[in-house]
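1. after the sequence you'll find the predicted model.
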Amino acid sequence: MPHDSKALPLATQTAPAKLAVWADQSGTPYLVQQQPDGSTTFTPLETALAQAKTPIPTERVTTDRDPLNTVLLALVAVLGLVLGGYLLGFFAGAAGQRMVIVPRSPLCDTHRSSFLFWSSETKECN
């Protein structure tokens, strides 16, 4: 009969074996297994523990994030958008028309106002 790797061993398919730990007079511990057929087996505990397979821990994948990581990620995203906007504006301005300022003599306007006995004169230069 071929052994299917997904099928449970025959001993665990019937009734589970009863387990107990027992020590002899010298203090050596033994694993005591009572089989379904009524027989009892004594295995040194060290041997039984060495033969026992440790279960492989499964890694949980969660969508929850640490709040600090979320805040830092949001801060980096906002800074990236701001800096990206500045760079985009800089390059758009650099690719656009150049503005040349030609110095000229200032133009000045004189404003005169009077009210009853008070008169004032202001001069604005551009």
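-> It's in.
2. isn't there a strand covering residue 106?
-> No: assigned with DSSP: H, G, I helix; E, B strand; the rest coil, residue 106 falls outside any strand and is coil.
3. what is the neighbour count of it?
-> 8 (other CB atoms under 10 Å). Bear in mind the C-beta positions are built from the backbone N, C-alpha and C, glycine included.
4. who touches the residue lying closest to it once chain neighbours are set aside in this structure?
-> Nearest residue to residue 106, sequence neighbours excluded (CB to CB, 6 or more residues apart in numbering): residue 125, at 4.5 Å. When contacts are counted by CB atoms under 8 Å, 6 or more residues apart in numbering, residue 125 touches 106, 107, 108, 109.
5. what of residue 123?
-> Counted by CB under 8 Å, 6+ apart, residue 123 has contacts 108, 109, 110, 111.
6. assumed it was part of a strand.
-> Yes: under three-state DSSP, residue 123 sits within a strand.
7. how near is it to residue 48?
-> As judged by CB to CB, to the nearest Å, residue 123 and residue 48 stand 106 Å apart.
8. same question for residue 77.
-> 55 Å.
9. now stretch 24-40: buried residues?
-> Using 16 or more other CB atoms under 10 Å as the test for burial, stretch 24-40 gives 30, 31, 32, 33.
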